[in-house]
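Colleague: how would this look folded up:
(one chain, ligands or ions: 2)
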Amino acid sequence: MIVGGCDIGSTTGKAVIMKDGEIIASTIIPSTTKPEETARMAMDEALKQADLSSIDDLDYIVGTGYGRLKVQFAKENISEISCHARGAHWMSPTVRTVVDIGGQDCKVMSISDEGKVVEFVMNDRCAAGTGRFFEGMARVLHCGLDGISSLENQGAEPSTITSQCSVFAESEVVTLINEGSDLKNIIAGINNSVSGRLNSMVRKVGLVEDVALTGGCAKNAGLAKALEKHLKVSVKQLPHDPQIAGAVGAALIAVEKAAG
Ligand SMILES: Nc1ncnc2c1ncn2[C@@H]1O[C@H](COP(=O)(O)OP(=O)(O)OP(=O)(O)O)[C@@H](O)[C@H]1O
Ligand SMILES: [Mg+2]
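Modeller: Numbers count the residues shown, from 1 in each chain. Ligands and ions are numbered 1, 2, ... in the order given. So this is what the prediction gives:
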């Protein structure tokens, strides 16, 4: 059976094609202003990668993410909360807590042995603690996302960033730069402030190991390290790209739907 999962987020579009339980293609592209086009482009690229000639070669497709209603070729759409949970659980079956940090929101889910969502909390009210927050900070610091993520750049004495609002937090960072604070300590301070927020969200659903990060910000190694300090447990490294977890989950749900 060949199935597809398409996760149209606020920042990127992801498509995954799975054949007999294995990923045979996956793509990540920047979101456009037309979610239906983002979906089509991400899936077309995945079809090419999988050496398939048409979308009709797929037995079932599930759409997810912010733009899931605009995935016109999907037979069904499912919330990204369920999809990230399923995807993370498939990647690493011992995971019981999933922290999805995307471009525009972050969510924490506690999941069952089967990868079903038991409870979740979500922050979609402001950019603080999301990809957009890190992108703003990378711009102010002229260091790129890699600069914020790199383990070498995590200073030993994280600067204190108190503001919960990303706009004010950016002003705080500008002040720290102008006061001559060590850039590595500022970077550590940024990851520290986000992980403090994530820690509170994890505590709300209840911390059960293993904990895994999904979404694009899961690739921020500095954030993962700071979160480990707050949670006082290790973060499980997923064996696949964590950014495609939602699309993988959608493809796994497609298998079930196709089977009826
Ligand atoms: N290599 C990387 N290192 C650090 N951060 C990264 C990296 N690659 C992507 N990101 C971050 O991931 C974010 C996008 O993540 P993702 O694709 O999960 O978002 P999305 O699903 O579109 O958003 P949402 O779920 O909020 O709608 C970007 O904003 C960027 O900050
Ligand atoms: Mg997302």
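Colleague: so Lys219 makes contact with Ser150?
Modeller: No - contact criterion Cβ atoms under 8 Å: Lys219 and Ser150 do not qualify, at 11.1 Å. No exception for glycine: its C-beta is placed from N, CA and C like everyone else's.
Colleague: residues from the stretch 1-150 of the chain in reach of ligand 1?
Modeller: Residues of the stretch 1-150 of the chain found near ligand 1 (Cβ under 6 Å from any ligand atom) are 9-12, 65-66, 102-105, 131, 134-135, 145, 149.
Colleague: all helices of this protein, in order?
Modeller: Along the chain, counting by DSSP state H, helices occupy 35-49, 80-91, 131-141, 144-149, 166-178, 183-205, 221-231, 245-259.
Colleague: Val71 and Ile61, how far apart?
Modeller: 8 Å (Cβ to Cβ, to the nearest Å).
Colleague: ugh, wrong one, I meant Ser163
Modeller: According to Cβ to Cβ, Ser163 stands 42 Å off from Ile61.
Colleague: what does Glu172 give?
Modeller: 44 Å.
Colleague: more neighbours: those two, which one.
Modeller: Set Glu172 next to Ile61 and count neighbours by other Cβ atoms under 10 Å: Ile61 wins out with 26 against 19.
Colleague: so what's the residue in the stretch 101-250 of the chain positioned nearest to ligand 2 up against?
Modeller: Residue nearest to ligand 2 within the stretch 101-250 of the chain: Gly102 (3.4 Å; Cβ to the ion). If a contact means Cβ atoms under 8 Å, 6 or more residues apart in numbering, then Gly102 has Gly9, Ser10, Thr11, Thr130, Gly131, Gly215, Gly216, Cys217 as its contacts.
Colleague: and if you look at Pro93?
Modeller: For Pro93, counting by Cβ under 8 Å, 6+ apart, the contacting residues are Gly115.
Colleague: relative to Asp113, which of the helices of the chain is closest?
Modeller: helix 80-91 (8.7 Å; Cβ to Cβ).
Colleague: how about Phe120, nearest residue that isn't a chain neighbour?
Modeller: Of all residues not flanking Phe120 in the chain, Met109 sits nearest, at 4.3 Å (Cβ to Cβ, 6 or more residues apart in numbering).
Colleague: neighbours of that neighbour, just the number please.
Modeller: With other Cβ under 10 Å as criterion, Met109 counts 26.
Colleague: what's across from Val108 in the sheet?
Modeller: Note on Val108: beta-bridge partners by DSSP bridges are Val99, Val121.
Colleague: tell me how far it lies from Ala169.
Modeller: Per Cβ to Cβ, Val108 is found 20 Å from Ala169.
Colleague: in CSV: the helices of the chain, plus mean pLDDT.
Modeller: Shown next, in CSV, are the helices of the chain (pLDDT from 0 to 100):
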stretch, mean pLDDT
helix 35-49, 98
helix 80-91, 98
helix 131-141, 96
helix 144-149, 98
helix 166-178, 94
helix 183-205, 96
helix 221-231, 98
helix 245-259, 97
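Colleague: looking at those helices, which one is packed in the most?
Modeller: Mean neighbours per residue, mean count of other Cβ atoms under 10 Å, is largest over the helices of the chain for helix 80-91, with a mean of 27.
Colleague: show me what that one is packed against.
Modeller: strand 2-8, strand 60-64, strand 97-101, strand 106-111, strand 117-123, strand 211-214, helix 245-259 (3 or more Cβ pairs under 8 Å, 6 or more residues apart in numbering; DSSP states H and E).
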